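The sequence and its predicted three-dimensional model are supplied below.
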Amino acid sequence: MFVQAREMFHEQNFGRVNDKEKFEKELARLKSEHERELAKLRTENDKLCIEYTKLVDDVSKMFDWQDGRVDKQVYQKQVEEEELEKKKKELEEKAMLEVQMEKLKLAKEQRCILQSQADIIRNTRKAMKDVEVDRDVLKKEKAKLELVVAELLKEGYGSKEKLEQIKAILES
């Protein structure tokens with residue numbers, strides 16, 4: 001029994017040693033495969049990192065280009081808006097000048113009209129005074145003629161023809 005137990009122990013121990021050797025061989029093989037896979041993964045990771053860096057650079061360049069393009073478009077739009085605002089101000093100023101010129105022209109025309117009206121009124125008053133003076137002169141002459149006619153009638157010098165001529169003169 002002791003021998004058997006010893007044999008069993010040796011068998012078990014030998015099995016353990018065999019198992020340990022197999023385990024170590026398997027472990028070494030697995031470590032080797034693991035190292036190879038790890039090396040492949042590191043190489044692939046390095047390649048992917050390089051590609052990723054290139055993509056990031058390309059995307060950055062694309063965004064920079066896009067921003068530059070957008071900046072140019074925004075700048076162009078701002079320039080166009082400024083030019084439009086400038087033209088708008090120029091047109092407003094031009095319109096204001098035209099309105100002021102029109103107002104000045106109308107004021108000048110109004111002054112001319114008022115001056116003409118004043119001249120007409122002055123000339124009319126002068127003409128009225130002249131007419132009154134002429135009328136007064138005519139009244140005086142008529143009165144003188146009436147006196148002459150009355151004297152002629154009193155003195156008997158008159159003939160009907162002369163009276164009719166004098167009346168015709170007076171009526172005209």
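Alright, I've got the coordinates.

CA atoms of the helix or strand of the chain with the lowest mean pLDDT as PDB?
Least confident helix or strand, the chain: helix 160-171 with a mean of 74, by mean pLDDT, DSSP states H and E. Taking Å, rounded to 0.1, in the frame of the first residue of the first chain, the C-alpha atoms of helix 160-171 are listed here in PDB:
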ATOM      1  CA  LYS A 160     -76.300 176.300 -84.700                       C
ATOM      2  CA  GLU A 161     -73.500 174.700 -86.700                       C
ATOM      3  CA  LYS A 162     -70.800 176.000 -84.300                       C
ATOM      4  CA  LEU A 163     -72.900 174.800 -81.300                       C
ATOM      5  CA  GLU A 164     -73.300 171.300 -82.800                       C
ATOM      6  CA  GLN A 165     -69.500 171.100 -83.600                       C
ATOM      7  CA  ILE A 166     -68.800 172.100 -80.000                       C
ATOM      8  CA  LYS A 167     -71.300 169.600 -78.600                       C
ATOM      9  CA  ALA A 168     -69.700 166.900 -80.800                       C
ATOM     10  CA  ILE A 169     -66.300 167.800 -79.400                       C
ATOM     11  CA  LEU A 170     -67.700 167.700 -75.900                       C
ATOM     12  CA  GLU A 171     -69.400 164.300 -76.400                       C
END
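
Now do it: distance to the chain's middle.
88 Å (CA atoms, centre = their mean, to the nearest Å).

Does anything pack onto it? Which helices or strands?
For helix 160-171, the elements it packs on are helix 2-155, judged by 3 or more CB pairs under 8 Å, 6 or more residues apart in numbering; DSSP states H and E. Quick note: C-beta positions are derived from backbone N, CA and C, even for glycine.

Tell me which other helices or strands the helix it packs on touches.
Judged by 3+ CB pairs under 8 Å, 6+ apart, helix 2-155 is in contact with helix 160-171.

Can you tell me the centre-most residue of this protein?
The centre of the chain sits closest to Glu85, judged by CA atoms, centre = their mean, with a distance of 4.0 Å.

pLDDT score for that residue?
Looking at Glu85, its pLDDT stands at 95.

What distance do you get for Glu146 to Leu138?
Here the criterion is CB to CB, to the nearest Å. By it, Glu146 lies 12 Å from Leu138.

burial of Ile95, as a residue count?
One thing to correct before we go on: residue 95 is Ala, not Ile. 10 (other CB atoms under 10 Å).
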